[in-house]
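**Q** Structure, please.
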Amino acid sequence: MYSYLILSILVTENLNILSSATSSSASCLFFSATVSKLYNIAGLTKHLSFYFR
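**A** Numbering: from 1, shown residues only. A predicted model of the protein is given here:
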């Protein structure tokens, strides 16, 4: 009974660590994608303002 309890605690902790690592890497990817998209938009507007001067 005790070994089952310890095992379930270990599995739960590992799953929590795994899910938090996955969510943090996913949010990091999302953040970098957003930043690059904003950078591209800024670059486009810079080019457009250059053309329409």
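**Q** in which helix or strand would I find the residue most central in space within the chain?
**A** Residue closest to the average C-alpha location in the chain (Cα atoms, centre = their mean): Ser27, at 1.7 Å. Per DSSP states H and E, Ser27 falls inside helix 2-51.
**Q** Would you pull up how far that helix lies from the middle of the chain?
**A** 1 Å (Cα atoms, centre = their mean, to the nearest Å).
**Q** That one - contacts with which helices or strands?
**A** Contact partners of helix 2-51 among helices and strands, from 3 or more Cβ pairs under 8 Å, 6 or more residues apart in numbering; DSSP states H and E: none. For every residue, glycine as well, the C-beta is placed using N, CA and C.
**Q** Residue numbering should commence at 691 henceforth.
**A** I'll keep to 691 as the first residue from here, and by that count the last item is helix 692-741.
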